[in-house]
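Asker: Model the following, please.
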Amino acid sequence: MDIIILKEKDMKDIFTMSDAIQADKDALEMYSKGATNIPLRVKIGIPENEGESLYMPGYAAEANALGIKIVSVYPKNIDKGLTSVPATMVLLNEKTGEVCSLMDGTFLTRIRTGAVSGAATDILARKDSKVFGLFGTGGQAEQQLEAVLTVRDIELVKVFDISIERAEDFAKRMTERFSEKFSVEIKAAKTSEETIENADIITVVTTSKKPVFDGKLVKKGAHINGVGSYTPDMQEIDEYSICNADKVYVDTKTGVFNESGDLIIPVNKGMYSFDKVTGELGEVILNKVSGRESDDEITIFKTVGSGVLDVVTARRIYEKALQQSVGDKITL
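Answerer: Numbering: from 1, shown residues only. Below is the predicted model:
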């Protein structure tokens, strides 16, 4: 049994953000038409070490994609000089059930999560969008930025973080990486209000338990990506935005309705109901529900992630690795 080992550098060398966006579109289309088997993630608490392990299995037959992503959350790893969220993707041969690849699950998570916002932005945001407001500068932020820059001709990015120093550092680093490729200005914003002023696209990717911007200040025609809220008590997007958006979309109804406080909190307050959600992004791709229908509509896309994104993206990366003879091979 041959197993291909793919590190972050290997994956970056062969797989672009555009590749990832297409993989995510295909994955969500397969999911929404019922052509996948994606159980809810399994969480196992490790109280002795103040940790938690999450297991995200999945199978997408049309993509020949079978596997499981293992993600652990160990906050005290930082004290040991280790990443606090180690992750590994285990890809299997769908014909034999044998492991065929092990890959860096942290980078996989970042690129497929950025890409799903990119997919939503490509499908739902106004084509003439020029101003992008980004909340959060953590591990997910770089790929969130790259994804939006990939699908829209953005001229100005305003970055906000509760630490202005982090925002300024992020803006500087991203300017060095992206300004020439995308001809974009990236700057730190001092306030939440400044971040969303005239923003055509807004992405929130934080760990906040309270809304990070005032929905009443969002301009007509804006598109919002909600990324960070993946537990019922996390809330980045305020109730006003959810209740007054023209259309609200999700990556998977099962995932978002069970895991995201962005929707669960207003539902529990009696301000909103799940049946008001317009549909899954995959249903838009399948033309089962409508997308943006006017330039004035405010649209929201909420993602909590799904194993279907991992297995399909991982399979596409693996196929490219085979084509280009990338990665280390071990034989068991």
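Asker: contacts and neighbour counts: CA atoms only from here.
Answerer: OK.
Asker: residue contacts, the closest residue to F213 other than its chain neighbours?
Answerer: Of all residues beyond its chain neighbours, the one nearest F213 is S192 (5.7 Å), with distances taken as CA to CA, 6 or more residues apart in numbering. Neighbour list for S192: F160, V212, F213 [criterion: CA atoms under 8 Å, 6 or more residues apart in numbering].
Asker: And S192, what's its pLDDT?
Answerer: S192 carries a pLDDT value of 98.
Asker: same deal with L66?
Answerer: Per-residue pLDDT puts L66 at 98.
Asker: give me every residue that touches it.
Answerer: Residues counted as contacts of L66 (CA under 8 Å, 6+ apart) are P57, G58, Y59, A60, L91, L92, N93, E94, V311, R315.
Asker: Please give the element, helix or strand, for the spatially most central residue of the chain.
Answerer: The centroid of the chain falls nearest to T113 when counting by CA atoms, centre = their mean (2.4 Å). Here T113 sits within helix 105-124, counting by DSSP states H and E.
Asker: Just the CA trace of the helix or strand just after that helix, in PDB.
Answerer: Using DSSP H and E, the helix or strand that follows helix 105-124 in sequence is strand 131-135. C-alpha atoms of strand 131-135 as PDB (Å, rounded to 0.1, in the frame of the first residue of the first chain):
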ATOM      1  CA  VAL A 131     -14.400  47.600  -1.300                       C
ATOM      2  CA  PHE A 132     -13.800  44.600   1.100                       C
ATOM      3  CA  GLY A 133     -14.100  44.800   4.900                       C
ATOM      4  CA  LEU A 134     -12.400  41.900   6.700                       C
ATOM      5  CA  PHE A 135     -12.800  41.200  10.400                       C
END
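Asker: now for strand 131-135, which elements pack on it?
Answerer: strand 156-160, helix 192-196, strand 201-204 (3 or more CA pairs under 8 Å, 6 or more residues apart in numbering; DSSP states H and E).
Asker: Out of those, which is closest to K130?
Answerer: Nearest of these to K130, taken as CA to CA: strand 156-160 at 6.5 Å.
Asker: Which elements pack onto the following helix or strand past the closest one?
Answerer: Counting by DSSP H and E, the next helix or strand C-terminal to strand 156-160 is helix 164-182. Contact here means 3+ CA pairs under 8 Å, 6+ apart; on that basis helix 164-182 packs against helix 141-151, strand 156-160, strand 185-188.
Asker: mind checking which of those is nearest G67?
Answerer: Shortest distance between G67 and these, using CA to CA, is found for helix 141-151: 22.9 Å.
Asker: State the mean pLDDT of that closest one.
Answerer: On average, helix 141-151 scores 97.
Asker: CA-only coordinates of it in PDB, if you can.
Answerer: Output in PDB follows, covering the C-alpha atoms of helix 141-151 (Å, rounded to 0.1, in the frame of the first residue of the first chain):
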ATOM      1  CA  ALA A 141      -7.700  35.400   7.500                       C
ATOM      2  CA  GLU A 142      -5.100  35.200   4.800                       C
ATOM      3  CA  GLN A 143      -7.000  32.600   2.800                       C
ATOM      4  CA  GLN A 144     -10.300  34.500   3.300                       C
ATOM      5  CA  LEU A 145      -8.600  37.600   1.800                       C
ATOM      6  CA  GLU A 146      -7.000  35.700  -1.100                       C
ATOM      7  CA  ALA A 147     -10.400  34.100  -2.000                       C
ATOM      8  CA  VAL A 148     -12.300  37.300  -2.300                       C
ATOM      9  CA  LEU A 149      -9.400  38.900  -4.200                       C
ATOM     10  CA  THR A 150      -9.500  35.900  -6.600                       C
ATOM     11  CA  VAL A 151     -13.200  36.300  -7.500                       C
END
